[in-house]
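> Starting from these lines, generate the structure:
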Amino acid sequence: MRAKEAARLYNKAYAPQIWLTRSIEPAASLEEMHIAYIGEDFFNSRILMHEGVPSNAIRVLEPSIDNTADEVKAIATELEREKGAVVIIVTTKAHTRRVRTLWNKLAGGRGRAIVRAAPTDSFVPDRWWRTTGDSLDVVREVLGLLNAWAGLPLHPSR
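Model prediction:
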């Protein structure tokens, strides 16, 4: 759903490129077992191309990321490198507040982020307690916000 929304924004000329990130997991764990994993970025790039985004407008950012904080840092670094001023970050509905909080905390003035939720996301903010999935999303986001507000003392486990 995020890739489709990014493609829609690209096709409406809101962005000249689409940047994807590459998650460390599950690739690292699978590699230890000699199991090939193409990665979410591979499939997202294929969705983007299916939706009309040319391959030369799709970039996978380095380094690989562990969590949202890493993702924000990678995006901010690339925005600064590209001498850009604004980036649109497409995420899920439940995730928007934490992404904004992390951008404000970690981007260090390296541009402005517009945080956009994918409209096809099934999360219902005013009834989040009615489904297990939505409830778990809210709990995870609250814990993530608390971690961000506390200065990110918690890190991904290895």
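> Have a look at this protein and report its longest strand.
Criterion DSSP state E: the longest strand present in the chain is strand 58-65.
> what's next to the helix or strand just after it, contact-wise?
As assigned by DSSP states H and E, the chain's next helix or strand after strand 58-65 is helix 68-81. Applying CB atoms under 8 Å, 6 or more residues apart in numbering, the external contacts of helix 68-81 come out as 19, 21, 61-63, 65, 85, 87, 89, 95, 98-99, 102-103, 106-108, 110-111, 113, 144, 148, 152. For the C-beta atoms, the positions are set from N, CA and C on the backbone; glycine is no exception.
> Now, of those, which are buried?
Neighbour counting with 16 or more other CB atoms under 10 Å marks 19, 21, 61, 65, 87, 89, 95, 98-99, 102-103, 106-107, 110-111, 113, 144, 148 as buried within the contacts of helix 68-81.
> so of the residues you listed, which ones are in strands?
If you go by DSSP E, the buried ones among the contacts of helix 68-81 have 19, 21, 61, 65, 87, 89, 113 in strands.
> Can you tell me the centre-most residue of this protein?
Nearest to the mean C-alpha position of the chain, by CA atoms, centre = their mean, lies residue 91 at 5.6 Å.
> Can you tell me how far residue 5 is from residue 122?
14 Å (CB to CB, to the nearest Å).
> okay, those two: which has more neighbours?
Neighbours per residue (other CB atoms under 10 Å) separate residue 5 from residue 122, with residue 5 holding more: 19 against 11.
> Assign the more buried one to one of the three secondary structure states.
helix (DSSP: H, G, I helix; E, B strand; the rest coil).
> Any idea how far the worst-scoring helix or strand of the chain on mean pLDDT is from the middle of the chain?
Taking mean pLDDT, DSSP states H and E as the measure, the helix or strand of the chain with the lowest value is helix 27-32, at a mean of 85. Here helix 27-32 is found 21 Å from its chain centre; the criterion is CA atoms, centre = their mean, to the nearest Å.
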